[in-house]
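Trainee: quick one, fold the following:
(one chain, ligands or ions: 2)
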Amino acid sequence: MESASVSVSERRISTPSAWSQLLGFNVIWAVALSIGGYALGHWLGTKIGMNSNAQTETDQDDVAILMGMGFAILGWLIGLGFFNYPLSRIAGRPATLREREEHGAWRYFRLCTDHKVVAIQYLVAVLFFFFVAGLNAMFIRTELTSDNATLIPAGNYLSLVGLHGTMMLMMMSAGVLGPLGNYLVPLMIGSRRMAFPRIESLTMWLTVLAGFVLLSATLLGGFPTGWTGYQTLADQARSGIDAYIVSFALIGISLALVGVNMIATVMTLRAPGMRWNRLPIFVWGMVTTSILAVLAAPVLLAALIMVVFDRAIETTFFIPSAGGSPFLWDELFWFFGHPEVYILALPGFGIVLEILPVFARKPLWGYRLAVAGMFGVALMSFMVWQHHLFMSGINSDLRPFYMFTTELISIPTGIIFLNGMGTLWKARIRFTVPMLFACAFFFNFLIGGLSGVFLSDVTSDVVTHGSYFVMAHFHYTIMGGLVFALMGGIYFWLPKITGFNLNEKLGKVHFWMMFIFFNLTFFPLFAAGMLGMPRRVSSYNADLHTLNVFVSIAAFCLGASMLIFLGNLIWSVVFRRERAGANPWQSKSLEWQLPSPVPVYNFERIPTITSHPYGYGSPEAPAVADFGPRVIAGEGGLA
Ligand code: HEM
Ligand SMILES: [Cu+2]
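Mentor: Ligands and ions are numbered 1, 2, ... in the order given. Next up, the predicted model:
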């Protein structure tokens, strides 16, 4: 095991001067080279691809735009220095160590191989785009205060919905894996790094690029397809759809690589004694999510490549007038798209099941069952995708089968619920901010799950399909589930990551505002859906006007709660800076036995794991690990 044999002193920890930092490979160069790359690629593409849009009839030069984006990606990666290592190896020179762990602020603006730095980069990036997408939601809700298009023309409205939804899903797919997964998995399994540190950094910088490429759709005329990119609509779209394709492809590549990295890390870098049945449940959440990512993301990527071919080199995979089939896209998209929703849900399970035992001071109830539940969800999520196509004209004999498999998924998800409730049963609960978010997860996810039964049932789906009922359902699962869990995770682990406490009072104000207004925003929308309010259009029956104004006001308050969160984050970490100590929650898990923030090398020695981390409530519970003679755990460590 490499990480065990490299001693701390051998590691080169250097801080070059500010000037050489500025001139080296960093995000400034990446931006410059990607803009230059776009110009070059676009110019070349115009030369090559004159008049090549006969099939899709987009009356624009997709070849030029797609080549521009391809060259922009190349420029971005060159600017960040991702080719330095492979090129110097090919040239037979020793690889530069510049991207190794460094100190100072510059490391946040470049390729850095410290998993903790990458995680923080991820967190900032994901939150940034989360806020951008949230702002879009505010625009949508503003438009919906009127029952017909007033502020935003109908065509642009659909693009706005698509931008909001796609941005949210793209960012939230890596929203836990990226920041918390990369930060915590090595610490939780007793490793000094992830298996592939350069790939880890690559995935993060691809995610950032994907966010900006998707935003560029607004400059290219938007994409009127929603997040699902259905080809019948995409064919009519202008070049904004090229931005959708390229950004989603970048996310697909990034997700698959995150998955490979995570699985390899957990398989190969566990500390001695970290048996599979001692892995924290959060790590299991990351592993099962990664399995889904590795299997599902490449299917998306393949489908996207086929669209690129259709648009740029006149293949006809999805073009009915030339013998292709737009249904093929629907199948491929949802073969990715349904596992995707569990890529969004499983990390949430992992977070809340990790938080509950700490504040219930009880062992996690049914650890093995929880792992089985997660694997059950992962496996089953590949067998249900056609429930998104019930109304698309699929062979009706297929409907009962997919209805059955979809309803079966409630068994493994139900198990996760039992784990949660079993852990809380008869516990003396400390309602800290992370715990409140974890409890809210179960409440919201329950509503999301129960409403899902109506959608999986063919007969009721016929009625609810394409309405705000669907929209309320998936916001309950993704926002009420994953985003609440992520918030809980941030409040829980940020003291470890930054070394500073978040303000508890502001945290509680944030929680209650978010919880109350989340429910006030989305619960009435079930009713709106039942009353026939359709998705993705800005005009609706005037009877629903009052309800929509109410929902919009609630949504603005929900948006405001995010500002409290942001304010708390900045105030607590930048201004107040109250030291958190090593283990403010008295957790038994390995990461809390290290100082906050965690030193570059994580563990002075690789510990020997002696127990699972859930021995709460019994004084005789064994220590989780043997850290060797020179323990670095700070005050409050339980080791
Ligand atoms: C302040 C919170 C939010 C509000 C008020 C909000 C509101 C909306 C609205 C009004 C729509 C349009 C529905 C339609 O006409 O079909 C929508 C669509 C969508 N939202 Fe949100 N949303 C919020 C947060 C989120 C979050 C956190 C996520 C995911 C992480 C998300 C994912 C989506 C998706 C995937 C769509 C579907 C886009 C499509 O139809 O292609 N939203 N949202
Ligand atoms: Cu699905």
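
Trainee: send the alpha carbons of stretch 367-377 over as PDB?
Mentor: Taking Å, rounded to 0.1, in the frame of the first residue of the first chain, the C-alpha atoms of stretch 367-377 are listed here in PDB:
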ATOM      1  CA  TYR A 367     -26.300  -2.100   9.500                       C
ATOM      2  CA  ARG A 368     -26.200  -5.200   7.200                       C
ATOM      3  CA  LEU A 369     -29.800  -4.600   6.200                       C
ATOM      4  CA  ALA A 370     -28.900  -1.000   5.300                       C
ATOM      5  CA  VAL A 371     -26.100  -2.200   3.100                       C
ATOM      6  CA  ALA A 372     -28.400  -4.800   1.500                       C
ATOM      7  CA  GLY A 373     -31.000  -2.100   1.000                       C
ATOM      8  CA  MET A 374     -28.500   0.100  -0.800                       C
ATOM      9  CA  PHE A 375     -27.400  -2.700  -3.100                       C
ATOM     10  CA  GLY A 376     -31.000  -3.600  -3.700                       C
ATOM     11  CA  VAL A 377     -31.800   0.000  -4.800                       C
END
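
Trainee: in that stretch, what's buried?
Mentor: If you call a residue buried by 16 or more other CB atoms under 10 Å, then stretch 367-377 has these buried ones: 367, 369, 370, 371, 373, 374, 375, 376, 377. Placement of C-beta: from N, CA and C, glycine included.

Trainee: where's the fifth one, which helix or strand?
Mentor: With secondary structure defined by DSSP states H and E, residue 373 is part of helix 367-380.

Trainee: that helix packs against which elements?
Mentor: On a contact count with 3 or more CB pairs under 8 Å, 6 or more residues apart in numbering; DSSP states H and E, helix 367-380 meets helix 281-312, helix 326-360, helix 410-424.

Trainee: ok and that helix relative to helix 281-312, angle-wise?
Mentor: Helix 367-380 and helix 281-312 are oriented at 10 degrees to each other (axes from the mean of the first three to the mean of the last three CA atoms, to 10 degrees).

Trainee: mean confidence score for helix 367-380?
Mentor: For helix 367-380, mean pLDDT is 97.

Trainee: let me see the mean pLDDT of the next helix or strand after it.
Mentor: Remark: after helix 367-380, the chain's next helix or strand is helix 398-408, criterion DSSP H and E. For helix 398-408, the mean per-residue pLDDT is 94.

Trainee: and stretch 148-164, by the same measure?
Mentor: In the prediction, stretch 148-164 has an average pLDDT of 92.

Trainee: can you tell me if it touches ligand 1.
Mentor: Yes - contact of stretch 148-164 with ligand 1 (CB under 6 Å from any ligand atom) involves 161, 162, 164.

Trainee: against residue 234, how distant is the second one?
Mentor: Taken as CB to CB, to the nearest Å, the spacing of residue 162 relative to residue 234 amounts to 11 Å.

Trainee: now do the shared contacts for these two.
Mentor: Common contacts of residue 162 and residue 234 (CB atoms under 8 Å, 6 or more residues apart in numbering): 223, 225.

Trainee: what residues does this structure have near ligand 1?
Mentor: 134, 137, 140-141, 161-162, 164-165, 168-169, 172, 226-228, 471, 475, 478-479, 483, 521, 535-536, 555, 558-559.

Trainee: PyMOL command for the buried members of those?
Mentor: Only the buried entries of the residues of the chain next to ligand 1 go into this PyMOL selection, using 16+ other CB under 10 Å:
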select buried, resi 134+137+140+141+161+162+164+165+168+169+172+226+227+228+471+475+478+479+483+521+555+558+559
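
Trainee: related to what we said a few turns ago, and which of the buried residues of stretch 367-377 is nearest residue 461?
Mentor: residue 377 (20.9 Å; CB to CB).

Trainee: surely the closest one and residue 289 touch.
Mentor: No - Residue 377 is beyond contact range of residue 289, at 9.9 Å (criterion: CB atoms under 8 Å).

Trainee: between those two, what contacts are shared?
Mentor: With CB under 8 Å, 6+ apart as the test, residue 377 and residue 289 both reach 342, 346.

Trainee: how close does residue 256 sit to residue 201?
Mentor: Distance from residue 256 to residue 201, by CB to CB: 16 Å.

Trainee: those two: which has the busier surroundings?
Mentor: Legend: neighbour count by other CB atoms under 10 Å for residue 256 and residue 201, higher for residue 201 (26 against 20).

Trainee: list the contacts for the more buried one?
Mentor: 82, 99, 111, 112, 113, 118.

Trainee: pick out the residue in the stretch 301-450 of the chain sitting closest to ligand 1.
Mentor: residue 344 (7.0 Å; CB to the nearest ligand atom).

Trainee: tally of neighbours for that residue?
Mentor: 25.

Trainee: find the nearest non-adjacent residue to it, please.
Mentor: residue 482 (4.9 Å; CB to CB, 6 or more residues apart in numbering).

Trainee: now residue 513
Mentor: Per CB to CB, 6+ apart, closest to residue 513 is residue 561, 3.7 Å.
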